[in-house]
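# quick one, fold the following:
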Amino acid sequence: MKYAQIVHNPTAGCGLHNKKFIINLMMSYDYSVAYISTKDEDAWRKFSPKPGIKLFIAGGDGTVTKVMNRILEIEKDKRPEIEILPLGTANNIYHSLRLNRLQERNKNDTNFDFGIINGHATKLNFFEGMGLGIFPHLIQEMQKAPEKFHATKDKINYALQSMIDLVGRFEGVQLNIVTDSGTFQGNFMLVEVMNIHFLGPQIPIPSEGNTRDGFLDLLMITIDHRSFFVDYLKKLLNGSTTKSDLSLFSTFCKVSKVNISFENELIHIDDEIFYSESRQNLELKLENKGLKVFPTDLEEFRC
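Sure, this is the predicted structure:
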């Protein structure tokens, strides 16, 4: 008998996988399961991963980052190996790990760098990315979305259509961006500093999104390219876009450190939104925090 810890978000995606389904599935793979629901506030508050026992995260990207933040609170040599069961809408972290050919399972190595943001009122962390422009506004729009979708594809299409509407009316953000690859100034539709390969509703960025290479991926689209961005999103909605389409009208570079200056703007850090009412100068960089994170090997969740 093998042992596993399960942290499960029962409302992830379209909420199609309940506690009984998850436990029965794990038992079918000969696991003895200790189960925690992220919706059980008391159990989640007391949750502490057990060293040496594999931890399965059953949920979407928000659940994955929530658990990884908790993992960082314990000593590096006591952190469990993490395996993701992708139950969310986009599952961008899972798909990035599946895509990246350098992320082979290696029990003796770590494979997930961790982002640090300095310059905010408090020191902040990120696993997916940080950005300004339309994406913080998209997150707000999705918080007002209908509670129930029949399928995750319906929710992704809803997000893409919401993006198209936002791009059509967005006025842009004035930013000054300083990196080791150059300095960029102007009025931007979107600026994203990424640690994974996919953005928002499964939008692929022009990179492999290697989560352990020590580099961040900087993606920028100016307001001048509004029409190109709308056309791209419409193609993505129709399933006809190619991987290279986004690079035709965006600026992309790999950086080890980024400084972004702005004033009175909405920002997102992973899936959390913050608003700055004063002048901000944020510094973003990566650290290796000893995380071992893998996409599941269980066939039922390969998507």
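
# the stretch 151-300 of the chain: helices as residue ranges?
Using DSSP state H, counting those that start in this stretch, the helices of the stretch 151-300 of the chain run over 152-169, 226-238.

# who wins for proximity to Arg279 among those helices?
helix 152-169 (25.0 Å; Cβ to Cβ). Placement of C-beta: from N, CA and C, glycine included.

# what mean pLDDT does the closest one get?
Across helix 152-169, the average pLDDT comes to 93.

# what is the orientation angle of that helix with helix 226-238?
Calculated by axes from the mean of the first three to the mean of the last three Cα atoms, to 10 degrees, helix 152-169 forms an angle of 170 degrees with helix 226-238.

# who are the contact partners of Leu55?
Residues in contact with Leu55 (Cβ atoms under 8 Å, 6 or more residues apart in numbering) are 4-7, 49, 67, 71, 80-83.

# what about it, which helix or strand?
Using DSSP states H and E, Leu55 sits in strand 54-59.

# now the residue nearest in space to the middle of the chain, nearest residue through space, not along the chain?
Centrality entry for the chain: nearest residue to the mean C-alpha point is Glu128, 3.6 Å, by Cα atoms, centre = their mean. Nearest non-adjacent residue to Glu128, counting by Cβ to Cβ, 6 or more residues apart in numbering: Asp270, 4.9 Å away.

# so what's that neighbour up against?
61-62, 65, 126-130.

# just the buried ones out of the contacts of Leu55, please.
For the contacts of Leu55, a neighbour count by 16 or more other Cβ atoms under 10 Å gives the buried set as 4-7, 49, 67, 71, 80, 82-83.

# in strands, which of these fall?
The members of the buried ones among the contacts of Leu55 that map onto strands under DSSP state E are 4-7, 82-83.

# quick one: those as CSV, columns for distance to Lys19 too.
Converted to CSV, these look like this (distance: Cβ to Cβ, whole Å):
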residue, distance to Lys19
Ala4, 14
Gln5, 14
Ile6, 9
Val7, 12
Ile82, 20
Glu83, 18
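
# which of those residues sits closest to Asp154?
Val7 (25.9 Å).

# quick check: bridge partners of that closest one?
With DSSP bridges as the criterion, Val7 is bridged to Ile36, Ile57.

# can I assume it is in contact with Lys54?
No: if you go by Cβ atoms under 8 Å, Val7 and Lys54 don't touch, sitting 11.7 Å apart.

# which residues touch Phe127?
Contacts of Phe127 by Cβ under 8 Å, 6+ apart are 64-65, 68, 93, 112, 114-115, 195-196, 270.

# same thing but 10 Å
Counting by Cβ atoms under 10 Å, 6 or more residues apart in numbering, Phe127 makes contact with 61, 64-66, 68-69, 72, 93, 112-115, 195-196, 211, 269-270, 289, 291, 293.

# quick check: it vs Ile22, distance?
23 Å (Cβ to Cβ, to the nearest Å).

# do the same with Phe47
To Ile22, Phe47 is 16 Å away according to Cβ to Cβ.

# more crowded one of these two?
Ile22 (20 against 15; other Cβ atoms under 10 Å).

# can you tell me the SS state at the more buried one?
Under DSSP: H, G, I helix; E, B strand; the rest coil, the three-state class of Ile22 is helix.

# Ser261: which of the ones in strands among the buried ones among the contacts of Leu55 is nearest?
Ile82 (34.9 Å).

# residues contacting the closest one?
Ile82 neighbours (Cβ under 10 Å, 6+ apart): 5, 7, 49, 54-57, 64, 67-68, 71, 112, 291-294.

# same check, this time on Gly168
Gly168 sits in contact with 226-227, 229-230, 233, where contact means Cβ under 10 Å, 6+ apart.

# any weak-confidence spans in the stretch 101-250 of the chain?
101-110, 120-123, 209, 241-244 (pLDDT under 70).

# tell me where it has strands.
For the stretch 101-250 of the chain, the strands defined by DSSP state E, counting those that start in this stretch occupy 112-118, 124-126, 129-133, 173-179, 182-194, 198-199, 203-204, 216-222.

# would you mind measuring from the closest residue in space to Leu85 that isn't next to it in sequence to His8?
Counting by Cβ to Cβ, 6+ apart, Ala58 is the residue found nearest to Leu85 once chain neighbours are left out, at 4.2 Å. Computed as Cβ to Cβ, the Ala58 to His8 distance reads 4 Å.

# likewise Pro86?
Counting by Cβ to Cβ - Pro86 and His8 are separated by 12 Å.

# name the residues contacting each of these two.
Common neighbours of Pro86 and His8 (Cβ under 10 Å, 6+ apart) are 57-59.

# I'd like those residues as a markdown table, with neighbour count and pLDDT appended.
Putting those into a markdown table (neighbours: other Cβ atoms under 10 Å; pLDDT from 0 to 100) gives the following:
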| residue | neighbour count | pLDDT |
| --- | --- | --- |
| Ile57 | 29 | 96 |
| Ala58 | 29 | 94 |
| Gly59 | 27 | 93 |
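
# all good on my end, thank you.
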